[in-house]
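S.K.: Here you go, sequence then predicted model.
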Amino acid sequence: MFLSLLRCRHHHHLHCLRFLLLHQHHSKPLSTLTIPLSHPTYIIWSSNTSLGKTLVSTGLSSSFLLSPSSSNTKKFLYLKPLQTGFPSDSDSRFLFQKLSSLSLRRNLPLFSSHSILLSSLSAAKSFKPNKFSFNALQDMCELGFYEERKVLEEGRVAPELVSETLYAWEGALSPHLAAEKEGGAVGDSEVVKKVERRLRKGLLEGGVERRLDGFCVVETAGGVASPGPSGTLQCDLYRPLRFPGVLVGDGRLGGISGTISAYESLKLRGYDVVAVVIEDHGLANEIPLMSYLRNRVPVLVLPPIPQDQSNDLMEWFDESCNVFNSLKDIMLEAYLERIQRLNEMPERAGNVFWWPFTQHKLVQPCNVTVIDSRYGENFSVYKVQNKEFITQQFDACASWWTQGPDATLQIELARDMGYATARFGHVMFPENVYEPALECAELLLDGVGKGWASRVYFSDNGSTAIEIALKMAFRKFSSDHGIFLELLENNSAERCIELMVLALKGSYHGDTLGAMEAQAPSSYTGFLQQPWYTGRGFFLDPPTVFMHNGKWTLSLPEVFHSETLKLEDITLRSRDEIFLKSRDKSNLAGLYSSYLSQQLSQYSGLSGIKQIGALIIEPVIQGAGGMHMVDPLFQRMLVNECRRCRIPVIFDEVFTGFWRLGVEAAAELLGCVPDIACFAKLMTGGIIPLAATLATDAVFDSFTGDSKLKALLHGHSYSAHAMGCTAAAKSIKWFKDPMTNLNITSEKSQKMLLRELWDAELVEQISSHPSVSRVVTLGTLFVLELQADGSDAGYASLYASSLLQMLREDGIYTRPLGNVIYLMCGPCTSPEICTQQLIKLYRRLEEFTEVKREMEIN
């Protein structure tokens, strides 16, 4: 009975999680935020409810506006996004009334206003019966309440207080319960956008010119982890804004634990906490708190708050004046230091960084992107255009193809990796076992390696995973063809075999020396980049597939041009047709096989010095070589021919693996399996480097023996590090679980796929644009190649630079491959967000084309 109850509760929690994710997934995508930094803005947190957040906000406003030395042009904006218990309880009204009273008490001028914007229907009826506007679309009432007070001196401009409540509910409950009970549903994006708009209106549009003449606090409701109206924890709800914060801690018995927990919850999510404030309850809680914080964050102590409800607190505010002055100074200093750091970063970076794949001579400090933080798929980027601000840019290159987490998974990974670090730190891997590494290995074998792999070899990154794969393949080839045995029996054998790889032109397998030898000559391998490069391989020119003018097209190298081919062999009705196994019986399949057999025969047998010891391919999509889609039929026929010749097959899935192409492993698209496969990037959700090389039993057995010299003598100091394996285990499970990844669908065959993320009509429209020569879309990837010739084409081309600048201004961060531009989302990204990016791309493509046309005319 007890176990049955636990199962019911477990399923209930899973359904609740899916409901929250579904709500976030299908709610209106959050439009690009622009957060002003021209004046200090802070968020006031609390480790629990009823600890004095509003008293701290009031004390700060008093210190800022009512100090004798304060400028009369100053403006303080107080925002209370979520208020429950209204109208009997209103924090914005409390601050408005207390500050007005303090200005009279201190005989200082003040102009103050108070507004309540929206409330639930029941709260509106209690507050203003029959005098409100009900907005059925928002489930909220537009109260339109406004009041003001003036304490003025003749001939002088008074400092200004603006105190606002954005959303209010009647029940004195947590916002999620009040919203559920009263029918006043408000989405996360609505709350965040409303805060942004009120902040801009209150300070930027409010005429505050000088940097330190404006100040804003956003006060939360309840504790750090109290749910907002949608059920999202407030520490997650406000994370897109990432305002620096002040934490109001607990000075009571048991308050140390709660304060530390609240602080850690905020730090885990990437918030900056500039100060902790507690009330003095005679327990000296500040001492252990300062010890825990190691003086990184100041702890300020307020005098005991009078408990008498009739006390107007005027004397208490006077007594607390020095504490609030100190707190204000700390906040202003932290703000100025932050702005200085952000402004100095581009120049400092240019002086010390050596950026990869970057010609520094072409990079001006004004073109350096200053990334303040990341939230899900978006960078928060610092910019200066008359005023300083933080804006969002969609990470459309997935930070070099690594990123997959949405905002929820990002927090989950941070939590789990923190646990792994605290539990394991780093521990040595050979002949040892620990839970994260074991779980990760088993998940890999049951996922991307299911049905063929039996062993997992961990390493640091994709390039090193390739180096390991080559060693494995060459040993397997040598073992299968008697080379290894002959060397063991006759160590002084004169016969010398040079093992090469079979690979495709346009391939790219990493930057380490061995990995570069396994790829065809390119911009990456020339003498300027790699003087040792010889290209130890036999490189075939593959047929490719792309969309042009709304139609999918098969482009065949000249060697495949044949009169025996029929129109239906090279005509594609849709992209998905290229993955059909029925194509194996086509004339084209026979042509591919005949050609490949002929090519491989040059290196068959063991009479020659050079032998093909491994096939290495990027399944379906060649990444750094220009984002080309290779005909899966060709690659499948290539694998079949290598099987016939007993040549080990390596799939380089560093880029293509883990749902990047819409399936967990791109091998599923090819319809065949390798002997060895390499994975990295998305494996950990892109949060930390880790790679794995998977292999069959037969490959593993070629290294077993009585001598250690026969083992695979290769390793990395951080092999199978606990943090990486923990992140990988979490990401692997998260991406394939329909409860956490709402893009997962299943066909009748129960094969798991990502649903289509890129709008088909928009894709066709872009492919028909006169400036576009080809388009490829698959899984999380959208690619277009700009029509260009000569020096405007190829990897070194700067042809697309103006288009990239337009896209970044539009909130899309992308980094091209010459004249090839791609957009890349994560496996959990909603189709609505992908559509937004395509619309922006098309609009900017039109502008780009017009500018180019005018340049040609002139």
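M.R.: That came through fine.
S.K.: Now that residue 58 has come up, it's in contact with residue 95, right?
M.R.: Yes. Contact criterion CB atoms under 8 Å: residue 58 and residue 95 qualify, at 4.8 Å. No exception for glycine: its C-beta is placed from N, CA and C like everyone else's.
S.K.: ok, which stretches of the stretch 251-400 of the chain are helices?
M.R.: With DSSP state H, counting those that start in this stretch as the criterion, the stretch 251-400 of the chain has helices at 255-268, 286-293, 314-319, 321-352, 398-401.
S.K.: And the contacts of the second one?
M.R.: Residues outside helix 286-293 that contact it (CB atoms under 8 Å, 6 or more residues apart in numbering) are 249, 251, 256, 259-260, 263, 276, 278, 299, 301.
S.K.: list the buried ones in it?
M.R.: Going by neighbour count (16 or more other CB atoms under 10 Å), the buried part of helix 286-293 is 286, 289, 292-293.
S.K.: what's the answer for the fourth one, then?
M.R.: Applying a neighbour-count criterion of 16+ other CB under 10 Å, one finds 321, 323-325, 327-328, 330-332, 334-335, 338-339, 342, 345-346 buried in helix 321-352.
S.K.: how much distance is there from it to the middle of the chain?
M.R.: 26 Å (CA atoms, centre = their mean, to the nearest Å).
S.K.: ok, now how distant is residue 203 from residue 108?
M.R.: Using CB to CB, to the nearest Å, we find residue 203 at a distance of 22 Å from residue 108.
S.K.: Can you pick out the residue with more neighbours from these two?
M.R.: residue 203 (24 against 19; other CB atoms under 10 Å).
S.K.: The more buried one looks like it's in a helix, true?
M.R.: Yes. Assignment of residue 203 by DSSP: H, G, I helix; E, B strand; the rest coil places it within a helix.
S.K.: State the distance from it to residue 167.
M.R.: 20 Å.
S.K.: what bits of the chain have low per-residue confidence?
M.R.: Where the chain drops to pLDDT under 70, the residues are 1-30, 69-71, 132-138, 154-155, 206-207, 488-495, 604-608, 747-750, 858.
S.K.: Check it for its longest strand and report it.
M.R.: Looking across the chain with DSSP state E, the single longest strand is strand 140-151.
S.K.: now for that one, which elements pack on it?
M.R.: Using 3 or more CB pairs under 8 Å, 6 or more residues apart in numbering; DSSP states H and E, the elements in contact with strand 140-151 are helix 91-105, strand 110-119, helix 121-127, strand 133-135.
S.K.: For that strand, which residues meet the burial criterion?
M.R.: Within strand 140-151, the residues scored as buried using 16+ other CB under 10 Å are 140-141, 143, 145, 149, 151.
S.K.: what do you get for stretch 427-438?
M.R.: Of all the residues in stretch 427-438, those buried under the rule 16+ other CB under 10 Å are 429, 434, 436-437.
S.K.: Closest to residue 197 out of those residues?
M.R.: Each of these was scored against residue 197 by CB to CB, and residue 436 proved nearest at 43.8 Å.
S.K.: Contacts only, for the closest one.
M.R.: Neighbours of residue 436 in contact, by CB under 8 Å, 6+ apart: 420, 424, 720, 722-723, 725-726, 729.
S.K.: what's the closest non-adjacent residue to it?
M.R.: residue 725 (3.8 Å; CB to CB, 6 or more residues apart in numbering).
S.K.: could you say which helix or strand contains the one you found?
M.R.: Using DSSP states H and E, residue 725 sits within helix 722-736.
S.K.: Could you list every helix and strand in contact with that helix?
M.R.: Helix 722-736 packs on helix 407-424, helix 435-446, going by 3+ CB pairs under 8 Å, 6+ apart.
S.K.: Any idea which of these gets closest to residue 364?
M.R.: Nearest of those to residue 364, taken as CB to CB: helix 407-424 at 31.5 Å.
S.K.: Enumerate the positions of stretch 301-312 that are buried.
M.R.: Within stretch 301-312, the residues that count as buried by 16+ other CB under 10 Å are 301-302, 305.
S.K.: from those, which is closest to residue 758?
M.R.: Residue 758 lies nearest to residue 302 out of the buried residues of stretch 301-312, by CB to CB, at 54.7 Å.
S.K.: Hmm, residue 709 and residue 703 touching each other?
M.R.: No. The pair residue 703 / residue 709 is not scored as a contact, 10.5 Å apart, by CB under 8 Å.
S.K.: the more surrounded of these two?
M.R.: residue 703 (17 against 8).
S.K.: who touches that one in this structure?
M.R.: Residue 703 touches 472, 475, 710-712, counting by CB under 8 Å, 6+ apart.
S.K.: out of the residues you listed, which are buried?
M.R.: Here, 16+ other CB under 10 Å leaves 472, 475, 712 buried among the contacts of residue 703.
S.K.: so of those, which ones are in strands?
M.R.: Among the buried ones among the contacts of residue 703, none falls in strands (DSSP E).
S.K.: ok, back up a step: relative to residue 388, which of the contacts of residue 436 is nearest.
M.R.: Of all the contacts of residue 436, residue 388 sits closest to residue 723, with 34.6 Å by CB to CB.
S.K.: List the residues that contact the closest one.
M.R.: Counted by CB under 8 Å, 6+ apart, residue 723 has contacts 417, 420-421, 424, 436, 688.
S.K.: rewinding a little: ok, which pair from the contacts of residue 436 is furthest apart?
M.R.: Farthest apart among the contacts of residue 436 by CB to CB are 424 and 729. That separation is 13.3 Å.
S.K.: Look at those two and report which has more neighbours.
M.R.: Legend: neighbour count by other CB under 10 Å for residue 424 and residue 729, higher for residue 729 (24 against 17).
S.K.: isn't the more buried one right up against residue 439?
M.R.: Yes. Assessed by CB under 8 Å, residue 729 is found in contact with residue 439 at 4.7 Å.
S.K.: isn't residue 741 right next to residue 734, touching?
M.R.: Yes. Between residue 741 and residue 734 there is a contact under CB under 8 Å: 6.4 Å.
S.K.: can you list residues touching both of those two?
M.R.: Contacts common to residue 741 and residue 734, judged by CB under 8 Å, 6+ apart, are residue 828.
S.K.: and the residue nearest to residue 711 when sequence neighbours are not counted, how far is that from residue 657?
M.R.: Nearest-residue entry for residue 711: residue 703, 5.7 Å, with adjacent residues in sequence omitted and distances by CB to CB, 6+ apart. Residue 703 sits 24 Å away from residue 657, taking CB to CB as the criterion.
S.K.: ok, now residue 321?
M.R.: When CB to CB is the yardstick, residue 321 and residue 657 sit 61 Å from each other.
S.K.: Fine by me, thanks again.
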